[in-house]
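J.: build me a model:
(2 chains)
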Amino acid sequence: MSRARLQPHVLAAAAVLFVVLVAHALLETARDALFLARLGPHLLAAAYLVMAVAALLAVAAARRWGRIRQPRRLLIGFLLLATAGTSVLAATITLAPALVFVLYVWTGFVATLVVPTFWTAIDRSLRITEAKRVFGTIGAGGVLGAMAGSAIAGVLGRLVAPHYLVTAGALAFAIATVTAFVLVPRAELDEIPVRRSRVDALSRSSRRYIGILLALGVVSTIVLTLGDLTFKMVVAARLPASQLASVFGEIYTGLNAVGLVVQLVVTPRLLARWGVGGALTLLPLILVASALGFVATGTLIAVIALKLGDGSLRHSLHRVSSEILYLPVPAAVRDGWKLVADALGQRGGQALAALLVFASVSVGTTARGLAALTGACGVAWLVVLAIVRRAYAAQFRDTLQAGEIQRDVALPALDADSIVRLTESLASPDEIEALAALELLARYTGVPALVFYHPRTAVVRRALALLDGELRPEVMRVLGHLLEHTDPKIRAAALAASLRTGGNRALLLTALDDPEPEPRAVALVGLACAGDDVAERIAAMVSGRAATQLALAEAIAFFPEPRFRDTLLDLLAREDVAVTRQVLHVWTHAAALAERARLLGFLADPRLRGDARVALLALGRSGLDMLIEALDDPHTPAAVRRHLPRTISRFRSATAAAALVNRLPHEPDSATEQKLLRALGRMRTNDPALPIDPAPIRAYLHRVVRAAARYATFADYLALHPLETRSGGLIQGMVAEQRRIAVEHAFRALGILHPLAGLRSAHDAFTTDDEARRGAAREIVMTLVPSDVRVPLLAVLDDLPPAVRRARTGDLAPAPFHDEPSFLAALLADPSEWIHFVVAAHVNERPVLRVEGPYPLAVLHG
Amino acid sequence: MADVDPFILRRVVWLRHIPWLADADLADLTLLAENLTELRHARGALVLPAGVRPPALHIVVEGELAAGAMTWAPHGIVGGVEVLARRPLRAAVIATRASRTLQLLSGDARELLEENIQLLRAALRALAGRVSEAPPPTVPSALGNPLGFVDRLLLLRDQSAYTGARLDALARLAHASREVQFPAGTPIVRAGEAARGSFVIVDGSAIGPQGELGPGHTIGALETLAEVPHPATITSRTPVRALETCAGTMFDVIEDHSDLGMAMLASFATTLAEGGTLAAQA
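T.: Here you go, the predicted structure:
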């Protein structure tokens, strides 16, 4: 939503919060005045504890209602309750001193319910990007309300008895109720859609996330309470009692004013620049520094700095940022659990702080001791905050991924039940079902020996293929009974099995006359292994038809001995795809026979690539070394080089990853560069713990972000100055594409650095028009990416006026173009050779153009 | 309708019955299986409405679906062509009996194909094998002699099979392609020969079983993608100048640029949809 359209909503929300806080401030003032006058400060601690219990009961009740009521209706309901309850107390407060205690607890009870519910209702109407811009303004409404309420209470306090302030509070709550009814938005924005199958998992992860926020709430409240008590203790000890009221009054007035300025001016800027995580760090840092400063020096100024930080940031930047932390949670979970977390965090933190103070005071702790405790708890706050920052980004990631297809799926593990079912499927008369079951069983438990008795030839053949020449003893026993099978491949395998178990020569000689090449080939290979001179007959098979060659290669697979090395090379020379694949299978299982130099070349052929990769993998470390050497060799043909990254990635080792990482910044071929990124991304996704050197990746990241900025600047120029030739249209298209590619590469690089962060999902979200998804993606980037990359990257992704984009990309963008020739010269300086070609064609179509700069003549002729 | 069967292994086994998935790797089938949702349809229930782009395709597990005169038995795929072509269904799809189907949302189908080269190639093989003839595109004017890089790029961009493909992919194809000449009366491709790539006619004309083929016509692309031999001999009637792209280059570029493969799929699917072929798509 544009700022202009958003403003009425923001002002309306601010007005509601203003009135609510006016009512709360009136009631708070009445409460404090009546409590101190009629009951005394010694009951304050008890009041805090009872307030905490009451708040928990209130939240439990709200949980029951929270699921079945919209936040807006819940807010109005709570305000009605606040009005009614306060009215009753206003009418009866003078009847008994105990009712003052009730008023104290009631005030906390109402505050626990109303203000968090207000924010929950507002959360439903704003996107995350809008919230970061406007929550400060809305919160300022609350600060102003508190100031106005305090001022009104001050004036009324001089005119009427304190109990009339309770009546004023009830009236204010009534006005707040009407205001909320009129102004709190009814419309709720659509959330990021979540797949039905992922709803439960997302709910679970969201509740875990809220648990982390609860911990943050508790720790931060403890620190703020301890800090506040430290301040009061020091000031009370160092100033005369007669001056305390006026000093506190002046301090609070000043802090409210500073808080208002922070809310309106500082908060949105800090949120935009540092993100939520960074913004939340400011307050605990100030508190820790000032508390430890007081511990070290004991000076009043340190304690005043502590209070200044608390007073100016707690109800402004800190409050707003804490609210934003809940935005990644789906509404269904947020509505039910936010109230719990807020209440427990605040009241629970206060109760724990009170207990800590009791314990400290009982052992005679001084103000400095309390400050040291504040500092120590502040450090814990920072630690929890670090966890929260990661969890915040992870929550957006989970939400995005819950709406996507399942990507990273693995074959499910087989339990005993599954194996039984698959074995039953193996016996199915449905051949396809049997084949599928066989493949699954072979992958997990090996080829079952009894499958060779299957009535379907296709199934037995497939089982043989899955064996890949490896004959286990139980398989050999079964195969040995199939020497007379009608299928020649099965006969051949049976013959090979019988040879392995000491079959006799007569079988081999009989098989030499088999009408089919498969048994003949096994017979020849068997005789060769026995020492017979059958070289001529083997050579004849090599020179024969493709089916004969294939049969020979399959036979050698059963007996992969060094004597057949040259035969395998001869078979390769026939250049038949099926035969070559079979030779590669032999090399996979008998790496000693592999002709390593030939293996690399097969990567260029898409029909052989998969088998070549498997064979290279079988070579182990020597294979990997050979691949790395080829990758670094500038003379490696492009058709091979492009397939090296994925092949290297199959080794899944730190050495393989290191080779790819080291290559990435230097790779001149864009296609290979893309494959390097994909290979590394896959390795890190499969094993996030795989160690890599991040420095080259970061250097690469800077380079592609610079490229993205460059193409975005080119695109901005073309949008204002379109090139009116047929090649000009191509230039525009290519610039747009290069920009898209650069952004994609940037996200791939980020995904390599942060494999669990969901950068893939974030990139996909940025390519859509869905504001909710884009907002979530933006928060992931804001949290994870350092500002020197983040700012220009977001400038490229956002739809910005050219001047604004140029300002944000800074010196990453090329200098402004004065005319078309200077623009074309900049294009010619770009690394993309495609762009060079089309620019040259464009210049040829516009003979009047004179373009300066590096301009290879070869490019002119396309 | 409800999602009732979580047994992925059984689904993986079952998916092998679909012909174009018969040789698919188990890992690819698992990926597909995880993204399917099983639905039940009562007899007479509307499965997919007519006149709108289908929100999903359905694979029939049990029962029967029908749209007009067309019916789909188990293993049939309903709506697949329309999903890929992004076109509305001509007739509503109804369950003629109580049926079970596996549903794949249209966005998911495209995304799975874009991200999985093996599934994409299998789909290309299947659809290319069903398309008998691609419609001729508009040939750009003023092509150079010889063809420069930009000429080739423009020529490829105007092929209907590449509509929607990104320039980067087309640039790679253009760069790796070469200009070839056939004297009159020369076979450009022969019947029964393995398909090793495609030819786009730039100048001249050729004769095939479907009649005369002129500038802009593509020869051999469908067979190359379907991985089948050429069904007929096509001979140059006049001297022919053509742009040749070899199979290895096509597949390499598709592997790196799934948008190219998706553009081809969409083109083939559109051809099938326009031919009114709502036939069972298994």
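
J.: for residue A:736, phi and psi?
T.: phi -60, psi -40 (degrees, to the nearest 10).

J.: now name the helix or strand holding the closest residue in space to it that isn't next to it in sequence.
T.: Among residues not flanking residue A:736 along the chain, residue A:715 sits closest, at 5.9 Å (Cβ to Cβ, 6 or more residues apart in numbering or on different chains). For glycine as for every other residue, the C-beta is placed from the backbone atoms N, C-alpha and C. Secondary structure from DSSP states H and E places residue A:715 in helix A:694-720.

J.: also residue B:71?
T.: Assigned by DSSP H and E, residue B:71 falls within strand B:70-72.

J.: that strand: partners in the sheet, and parallel or antiparallel?
T.: Neighbouring strands of strand B:70-72 in its sheet, by DSSP bridges, are strand B:65-67 (antiparallel).

J.: how about residues contacting the strand it pairs with?
T.: B:41, B:47-48, B:50, B:58, B:71-72, B:76, B:78, B:89-96, B:99, B:101, B:278 (Cβ atoms under 8 Å, 6 or more residues apart in numbering or on different chains).

J.: filter these to the buried ones?
T.: Listed as buried from the contacts of strand B:65-67 are B:41, B:47-48, B:58, B:71-72, B:76, B:78, B:89, B:93-95, B:99, B:101, B:278; burial here means 16 or more other Cβ atoms under 10 Å in any protein chain shown.

J.: neighbours of residue A:355, just the number please.
T.: By other Cβ atoms under 10 Å in any protein chain shown, the residues close to residue A:355 number 13.

J.: how close does it sit to residue A:229?
T.: Taking Cβ to Cβ, to the nearest Å as the measure, residue A:355 falls 12 Å from residue A:229.

J.: pLDDT (mean, whole number) over stretch B:57-67?
T.: For stretch B:57-67, the mean pLDDT works out to 96.

J.: and it, what's buried?
T.: Buried residues in stretch B:57-67, counted by 16+ other Cβ under 10 Å: B:57-61, B:63-67.

J.: swap in stretch A:422-442?
T.: So for stretch A:422-442, counting by 16+ other Cβ under 10 Å, buried means A:422-423, A:425-426, A:428, A:432-442.

J.: could you do stretch A:812-826 as well?
T.: Within stretch A:812-826, the residues that count as buried by 16+ other Cβ under 10 Å are A:812-814, A:817, A:820-826.

J.: just give me the closest of those residues to chain B.
T.: residue A:824 (14.7 Å; Cβ to the nearest Cβ).

J.: my read: the closest one touches residue A:844, true?
T.: No: proximity of residue A:824 to residue A:844 does not meet the contact threshold set by Cβ atoms under 8 Å, at 11.9 Å.

J.: what about the helix or strand harbouring residue A:383, near chain B?
T.: Here residue A:383 sits within helix A:367-401, counting by DSSP H and E. No: for helix A:367-401, no contact with chain B is found by Cβ under 8 Å from any Cβ of the partner chain; the gap never falls below 13.0 Å.

J.: give me the neighbour count for residue A:352.
T.: For residue A:352, the tally of surrounding residues (other Cβ under 10 Å) stands at 18.

J.: please name the nearest non-neighbouring residue to it.
T.: Spatial nearest neighbour of residue A:352, excluding adjacent residues (Cβ to Cβ, 6+ apart): residue A:222 at 5.5 Å.

J.: buried set for stretch A:467-475?
T.: So, applying 16+ other Cβ under 10 Å, buried residues of stretch A:467-475: A:467, A:469, A:471, A:475.

J.: now the two most distant members of those residues.
T.: With Cβ to Cβ as the measure, no two of the buried residues of stretch A:467-475 lie farther apart than A:469 and A:475, at 11.2 Å.

J.: in the chain, which helix has the most residues?
T.: Using chain A here. For chain A, the longest helix by residue count, based on DSSP state H, is helix A:199-238.

J.: chain B was what I was after
T.: helix B:258-274.

J.: helices and strands around that one, which ones?
T.: Here helix B:258-274 touches helix B:80-85, helix B:106-115, helix B:117-130, helix B:167-176, helix B:247-256, going by 3 or more Cβ pairs under 8 Å, 6 or more residues apart in numbering or on different chains; DSSP states H and E.

J.: check contacts around the residue of chain A most remote from its centre.
T.: Going by Cα atoms, centre = their mean, the residue of chain A most distant from its centre is residue A:506, 67.4 Å out. When the contact criterion is Cβ under 8 Å, 6+ apart, residue A:506 has no partners at all.

J.: just the element for it, please.
T.: Residue A:506 is part of helix A:505-511, with elements assigned from DSSP H and E.

J.: among the buried ones among the contacts of strand B:65-67, which lie within strands?
T.: Counting by DSSP state E, these place B:41, B:47-48, B:58, B:71-72, B:78, B:93-95, B:99, B:101 in strands.

J.: quick check on whatever residue of chain B ends up closest to chain A: phi, psi?
T.: Closest contact between chain B and chain A, by Cβ to the nearest Cβ, is at residue B:148 (3.0 Å). Main-chain torsions, residue B:148, degrees, to the nearest 10: phi -80, psi 180.

J.: kindly report the residues of the stretch 51-200 of chain B close to chain A.
T.: Residues of the stretch 51-200 of chain B lying close to chain A (Cβ under 8 Å from any Cβ) are B:108, B:111-112, B:115, B:140, B:144, B:148-151, B:153-154, B:166-168, B:171-172, B:175.

J.: can you list the domains in chain B?
T.: B:8-115, B:128-273 (automatic domain parsing).

J.: for chain B, what are the nearby residues on the stretch 101-250 of chain A?
T.: Counting by Cβ under 8 Å from any Cβ, the stretch 101-250 of chain A sits next to chain B at A:196-197.

J.: give me that answer again for 10 Å
T.: Within the stretch 101-250 of chain A, the residues that sit near chain B (Cβ under 10 Å from any Cβ of the partner chain) are A:195-197.

J.: so which of those sit within strands?
T.: Per DSSP E, strands hold no members of those.

J.: would you mind giving me the ChimeraX syntax to select the buried ones in those residues?
T.: Of these, the buried ones can be selected in ChimeraX as follows, counting by 16+ other Cβ under 10 Å:
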select /A:195
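
J.: where does pLDDT dip in chain A?
T.: By pLDDT under 70, the low-scoring segments of chain A are A:1-3, A:40-42, A:44-45, A:62-63, A:65-69, A:241-249, A:503, A:848-849, A:851-862.

J.: again, only this time at 50
T.: Scanning chain A for pLDDT under 50 picks out the ranges A:857-862.

J.: let me see the domain layout of it.
T.: Taken from automatic domain parsing, chain A resolves into A:1-189, A:199-406, A:696-860.

J.: in the helix holding residue A:506, what's buried?
T.: Applying a neighbour-count criterion of 16+ other Cβ under 10 Å, the buried positions in helix A:505-511 are A:507-508, A:511.

J.: in a markdown table, list those residues along with distance to residue A:297.
T.: Shown next, in a markdown table, are the buried residues of helix A:505-511 (distance: Cβ to Cβ, whole Å):
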| residue | distance to residue A:297 |
| --- | --- |
| A:507 | 99 |
| A:508 | 98 |
| A:511 | 98 |
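
J.: for the longest helix of chain A, name the packing helices and strands.
T.: Contacts defined by 3 or more Cβ pairs under 10 Å, 6 or more residues apart in numbering or on different chains; DSSP states H and E place helix A:199-238 against helix A:241-261, helix A:267-297, helix A:300-313, helix A:319-324, helix A:331-343, helix A:349-362, helix A:367-401.

J.: okay, the ones you listed in a markdown table with distance to residue A:834 next?
T.: Listed next are the helices and strands packed on helix A:199-238 as a markdown table, based on distance: least, Cβ to Cβ, whole Å:
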| stretch | distance to residue A:834 |
| --- | --- |
| helix A:241-261 | 53 |
| helix A:267-297 | 37 |
| helix A:300-313 | 52 |
| helix A:319-324 | 43 |
| helix A:331-343 | 47 |
| helix A:349-362 | 60 |
| helix A:367-401 | 32 |
